[in-house]
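**Q** Sharing a sequence plus its predicted fold:
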Amino acid sequence: MRDVPDDSLFVADRNFLNARTILPLISQGVNRHFLMRAKNNTVMEPIEMLGKGDCIVELPTSAAARKADPKLPKTLKARAIRYQIAGHDPQYLLTSLLDPKKYPAAELIGIYHERWDLEIAFDEIKTTQLEQRPALRSKLPATTEQEVWAILLAYNLVRLEMVQLAVAAKVLPNRISYIAALRLICDEWLWSALTTSPGAIPSHLRDLRAHLGYYVLPERRAERAYPRAVKKRTKGYPAKKTANLAAAPSKKEG
């Protein structure tokens, strides 16, 4: 928690929701806050209503946590925001941003769900950049670390160019296609390496940005919902219906 910068919002999964994580975060830095989803068994005591589905609550710290750290208080003050996405059960977000006018609930809900964009980045690296071959070739610790840094450096260089493309197209960076940007950048770099000098790189970048139509994606559809579900394992034999079993004659009747 000491490495979290000042004037920042720490957005994390609900498994990080505990007093020993939250208190150092908000007490050791300057203007540091948290935003996390409540667990299903989180105990909350409402103490002040801020609006519909928005209130100030007290969170009791567990006896086990206070035993491990006697300095922990018995309760923590937080703001609870209730929301529901189509196809999902109602959820609660807990945050130390207590002012509902300065930090509207709808904005905080949107920020929390942007956290899942990190999974998109993992997919872009493993599936697109590494072409579904995520195994590292290096066999020594030093060269393995070098290879990982090379992969991340290449990914962020493409992302940096995508930000410039977004500025030129006047859209948000998440509206730029990573697949299109990566492929065109690789094509331009391969061509420039074979035909031109390194001094021509700026002109190639200008050529890339001149084809903005290839990069811009349509806006995301907010109504999409994919609730988690357990898939039924398929069997090699057809399933018999109950009605057919009841109608089938027994061996004695035959």
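**A** Ah, there it is. Numbering: from 1, shown residues only.
**Q** hey, which helix or strand in this structure has the poorest pLDDT?
**A** Within the chain, judged by mean pLDDT, DSSP states H and E, the helix or strand with the poorest mean is helix 242-247; its value is a mean of 53.
**Q** what's around the spatially closest residue to Thr21 that is not a sequence neighbour, how many residues?
**A** Nearest non-adjacent residue to Thr21, counting by Cβ to Cβ, 6 or more residues apart in numbering: Met1, 6.9 Å away. (C-beta placed from N, C-alpha, C; glycine too.) Neighbourhood size, Met1 [other Cβ atoms under 10 Å]: 15.
**Q** tell me which element Trp149 falls in.
**A** helix 141-169 (DSSP states H and E).
**Q** can you pull out the helices in the stretch 1-150 of the chain?
**A** With DSSP state H, counting those that start in this stretch as the criterion, the stretch 1-150 of the chain has helices at 19-28, 63-68, 105-114, 117-123, 141-169.
**Q** Ok, which of the ones you listed comes nearest Glu45?
**A** helix 19-28 (14.9 Å; Cβ to Cβ).
**Q** what is the mean pLDDT for that closest one?
**A** Summarised as a single mean, pLDDT over helix 19-28 is 86.
**Q** which parts of that helix are buried?
**A** By 16 or more other Cβ atoms under 10 Å, the buried positions in helix 19-28 come out as Ala19, Ile22, Leu23, Leu25, Ile26.
**Q** ok, so of these, who is nearest Tyr214?
**A** Leu25 (41.9 Å).
**Q** Run a quick check on that closest one versus Asp3, I expect a contact.
**A** No: with contact defined as Cβ atoms under 8 Å, Leu25 does not count as touching Asp3 (10.8 Å).
**Q** follow-up on the earlier one: can you lay out the helices of the stretch 1-150 of the chain as CSV showing distance to Ile85?
**A** Shown next, in CSV, are the helices of the stretch 1-150 of the chain (distance: least, Cβ to Cβ, whole Å):
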stretch, distance to Ile85
helix 19-28, 25
helix 63-68, 31
helix 105-114, 8
helix 117-123, 16
helix 141-169, 27
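**Q** These: which one's closest to Leu50?
**A** helix 105-114 (8.3 Å).
**Q** and the closest one, how far from the chain's centre?
**A** Centre-to-centre, helix 105-114 and its host chain are 12 Å apart (Cα atoms, centre = their mean, to the nearest Å).
**Q** swap in stretch 95-111?
**A** Mean-position distance between stretch 95-111 and its chain equals 18 Å (Cα atoms, centre = their mean).
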